[in-house]
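*Asks:* Please work out how this folds:
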Amino acid sequence: MLKTYGVHFLFMLTVCVFAFFVNNGAVHVNSPEARNLTTAREMVEYHNWTAPTLNGESRLGRPPLPSWMAALVERVSPDNLVLQRTVTGGMTALAVLALYLLALAMTRSRLFGMLSALVLATCSGVVLMGRTVDGHGQAYAFMLGAIFFLYRASVASRTRWWDFVMAGVLLGLAFLSRGLELFYTLLLPFLIAFVVLYRPSFRHKTWPLTLTFVVGLATGFVWLLFALRAGETIKPFMQLNDRPWYYYWHFFVESGIWSLFLLTGLCGWCWMRGRIALKKEYEFAVLWLLLALLLLTIFPGKSTRYLPSVLIPAALVVGHYMLDIFQRVREDKLERADKIIFRLNAFLPALISLGVPVALHVMFRDGLGMCLYIIFSLLFLLVALSVFTGGIKLKPLKVFTGMMVMMILVESFLVPHLADTFNNPEMNSIRHVRQEQELQNLPFYHPAGEVLRPELLYESGRRILPLDLGSSPHACPLPSVLVSSLPAEQVLPAEWLERIAPRQVGYYDSNPFRHYSPGLTCYVTLLEERSR
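*Replies:* Numbering: from 1, shown residues only. Reported below is the predicted structural model:
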């Protein structure tokens, strides 16, 4: 048994390394990352660990644990994006491990646990989450860990005090990471599905459950204590916006290469649950997924970043479908419909892998090189052949392994080239001001009426405080630096120009991606006393 566990953990570790760690610095920082990393830098620079700020403004209204963790990394290795994302990837890998343990505890099937965990690790939405320093990866790790301990404690015949305590600690850490977000999107649908299908009895576990609540509250109260002391208001746990109720209709696409398998697992509700060995566990996974999707749909705040809460039970659904196919192939009980559906599921990733060489030729005709192009093309053609023949010969292990290898190839070899496709080759980042010696010790400002993007704060490596241009020109200390969307001569009032002599340092286009945003372009101007 220990040998089997070791093989599973080694396999999961290998996939997680390629999913979350390899080439994790290829893509530029996005807006949520910039906020978190800038807050972490200010915590280290200004020693405001209990009162984190973003550009001098309090961030205690947001859960502080992601910023605390990023600040620890910043202190060890300043401005190290790869290390920051490595820590996030490690926490996301722990979320994958937690799902494995939960699936194993629910079914006693190590194969099902591994299948579900690997599906989760290779869902495109989860891969992206594991490469983004915004706190989601660690929040899901904590919440999935809490769910695992709650489940194990609830179904145990005796009172497992340690499991209840661990559940409380992890719930508190999840609260410190994302507020109440995952309590609504992940924990609540799990609890509803669990109570409906399993009807657990807590007759002799009232005090342990109370202890879980107390420990969780005590752990999460750290944030509330700091916020109350600073007079800060806790922000809403999910963003409110005006999007239609059907916004999540494409949720299955976030699973990436598993989209068809997921739809099959869901649509097979009518015919699979009548024959599947783990009937209740399968029904639980489907109900958990549908409830999570329903709760996300009825909440006014909608964003694709909430979809990992759906992908977690979705991974269990795909795991059940794959396990059913494995068992039926082993017992030679596949029906005609099973064979057709499985082959269709296998042919799509085979076609994708087959089409990669064509995409490589179109996208990287000039930048890849003939030798690399031939190597990449041969590898993806071999994967396509493996998955295709696995589908034809009804060998699910061959199909599953081929899909894993395809993901590994993409993360290992194609991510840097794909990043170059989306990254802005003409980017002239405001980061260059860090090398301007004459600006090193000067205060930076921006017009108070302009919205300052967090990416500019992160790239410049300093605070850029708002400057009220409607006040007296003597309110501006000289010399100083102005960061503005227009040239300083067009931004500064005439009475300011009588006192100030602007000297443009440069025009910067900090757009990291080809999609152009005018908010990421700016003029940097040195403001000096005008000679009389």
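*Asks:* right, and I276 touches D324 too?
*Replies:* Yes. Applying CB atoms under 8 Å, one finds I276 in contact with D324, separated by 5.3 Å. C-beta coordinates here come from the backbone N, C-alpha and C atoms, glycine included.
*Asks:* Mind checking which of those two has more residues around it?
*Replies:* The neighbour comparison of I276 against D324 (other CB atoms under 10 Å) goes to D324, with 23 against 19.
*Asks:* Quick one: distance of whatever helix or strand S377 lives in to the chain centre.
*Replies:* When secondary structure is defined using DSSP states H and E, the element that contains S377 is helix 370-392. Using CA atoms, centre = their mean, to the nearest Å, the mean C-alpha position of helix 370-392 is found 29 Å from that of the whole chain.
*Asks:* For that helix, report the contacting residues that lie outside it.
*Replies:* Applying CB atoms under 8 Å, 6 or more residues apart in numbering, the contact partners of helix 370-392 are 342-343, 345-347, 349-351, 353-354, 356-357, 360-361, 364, 368, 395-399, 401-403, 405-406, 409, 413-414.
*Asks:* And for stretch 484-494?
*Replies:* With CB under 8 Å, 6+ apart as the contact definition, stretch 484-494 has outside contacts at 446-447, 450, 469-470, 473, 482, 497, 500, 502, 504, 518-519, 521-523, 525, 527.
*Asks:* what sits against F284?
*Replies:* Contacts for F284 were tallied using CB under 8 Å, 6+ apart; they are 106, 193-194, 197-198.
*Asks:* Could you save those residues as a markdown table and add columns showing neighbour count and pLDDT?
*Replies:* As requested, those are exported to a markdown table (neighbours: other CB atoms under 10 Å; pLDDT from 0 to 100):
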| residue | neighbour count | pLDDT |
| --- | --- | --- |
| M106 | 23 | 94 |
| A193 | 21 | 96 |
| F194 | 20 | 95 |
| L197 | 14 | 92 |
| Y198 | 15 | 89 |
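*Asks:* Those residues into CSV, with extra columns for secondary structure and distance to G268?
*Replies:* As requested, the contacts of F284 are arranged in CSV below (DSSP: H, G, I helix; E, B strand; the rest coil; distance: CB to CB, whole Å):
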residue, secondary structure, distance to G268
M106, helix, 19
A193, helix, 18
F194, helix, 22
L197, helix, 18
Y198, helix, 22
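*Asks:* From those residues, pick the one nearest L217.
*Replies:* The shortest gap between L217 and any of those belongs to F194, at 21.6 Å (CB to CB).
*Asks:* Quick check: the closest one touching Y151?
*Replies:* Yes. Contact status for F194 versus Y151: in contact at 7.2 Å, counting by CB under 8 Å.
*Asks:* if we can go back for a sec, show the buried residues in the contacts of helix 370-392.
*Replies:* Neighbour counting with 16 or more other CB atoms under 10 Å marks 342-343, 345-347, 349-350, 353-354, 356-357, 360, 364, 368, 395-396, 398-399, 401-403, 405-406, 409, 413-414 as buried within the contacts of helix 370-392.
*Asks:* Could you pick out which of the residues you listed are located in helices?
*Replies:* For the buried ones among the contacts of helix 370-392, the ones inside helices are 342-343, 345-347, 349-350, 353-354, 356-357, 360, 396, 398-399, 401-403, 405-406, 409, with DSSP state H as the criterion.
*Asks:* give me the number of residues near V505?
*Replies:* Residues near V505, counting by other CB under 10 Å, number 18.
*Asks:* Look up the closest residue to it, ignoring the ones flanking it.
*Replies:* Ranked by CB to CB, 6 or more residues apart in numbering and with sequence neighbours excluded, the top spatial neighbour of V505 is V524, at 4.5 Å.
*Asks:* got a list of what the one you found touches?
*Replies:* 430, 433, 481-483, 504-508.
*Asks:* Then R328?
*Replies:* By CB under 8 Å, 6+ apart, the neighbours of R328 are 334, 338.
*Asks:* which element is it on?
*Replies:* Using DSSP H and E, R328 maps to helix 308-331.
*Asks:* Only the buried residues of that helix, if you could.
*Replies:* 308-329.
*Asks:* and of the contacts of V524, the nearest to Q84?
*Replies:* Lowest distance from Q84 to the contacts of V524 (CB to CB) belongs to I430, with 19.7 Å.
*Asks:* If you drop the residues flanking it in sequence, what lies closest to that closest one?
*Replies:* Take I430 and drop its neighbours on the chain: the residue closest to it by CB to CB, 6+ apart is Y508, 4.3 Å away.
*Asks:* Give me the helices and strands touching the helix or strand harbouring that neighbour, please.
*Replies:* Assignment of secondary structure by DSSP H and E places Y508 within strand 500-509. Counting by 3 or more CB pairs under 8 Å, 6 or more residues apart in numbering; DSSP states H and E, the packing neighbours recorded for strand 500-509 are helix 488-491, strand 521-529.
*Asks:* Now do the contacts for L457.
*Replies:* 34, 38, 54-55, 463-464.
*Asks:* Hmm, V27 and F422 touching each other?
*Replies:* Yes. Taking CB under 8 Å as the definition, F422 is a contact partner of V27 at 7.5 Å.
*Asks:* What residues does the residue nearest to I430 make contact with?
*Replies:* Taking CB under 8 Å, 6+ apart as the contact definition, Y508 lies against 428-430, 432-433, 521-524.
*Asks:* picking up where we left off before, average pLDDT for the strand holding Y508?
*Replies:* In this model, strand 500-509 has an average pLDDT of 91.
*Asks:* next one: stretch 69-80
*Replies:* Per-residue pLDDT values across stretch 69-80 average out to 95.
*Asks:* Buried residues in it, which are they?
*Replies:* 69-71, 73-74.
*Asks:* Quick one: low-confidence residue ranges for the stretch 251-400 of the chain.
*Replies:* Scanning the stretch 251-400 of the chain for pLDDT under 70 picks out the ranges 273, 361-369.
*Asks:* So what's the residue count around A93?
*Replies:* Residues within reach of A93, counting by other CB under 10 Å, total 23.
*Asks:* doesn't F20 make contact with it?
*Replies:* Yes. With the criterion set as CB under 8 Å, A93 and F20 qualify as a contacting pair; they are 6.1 Å apart.
*Asks:* what residues are shared contacts of those two?
*Replies:* Common neighbours of A93 and F20, counting by CB under 8 Å, 6+ apart, are 121, 130.
*Asks:* Who are the contact partners of the residue nearest to the spatial centre of the chain?
*Replies:* Residue closest to the mean C-alpha point of the chain, counted by CA atoms, centre = their mean, is M129 at 1.7 Å. In this structure, M129 makes contact with 92, 136-137, 140, 305, 308, judged by CB under 8 Å, 6+ apart.
*Asks:* measure it to L83 for me?
*Replies:* 18 Å (CB to CB, to the nearest Å).
*Asks:* ok, for H474, nearest residue in space, not its chain neighbours?
*Replies:* Once chain neighbours are set aside, the closest to H474 by CB to CB, 6+ apart is R499, at 7.4 Å.
*Asks:* show me what contacts that neighbour?
*Replies:* 473-474, 529-530.
*Asks:* hang on, the earlier thing: show me what counts as buried in the helix holding S377.
*Replies:* By neighbour count with 16+ other CB under 10 Å, helix 370-392 contains the buried residues 376-377, 379-380, 383-384, 386-388, 390-391.
*Asks:* How about stretch 91-110?
*Replies:* Residues of stretch 91-110 classed as buried by neighbour count (16+ other CB under 10 Å): 91-104, 106-107, 109-110.
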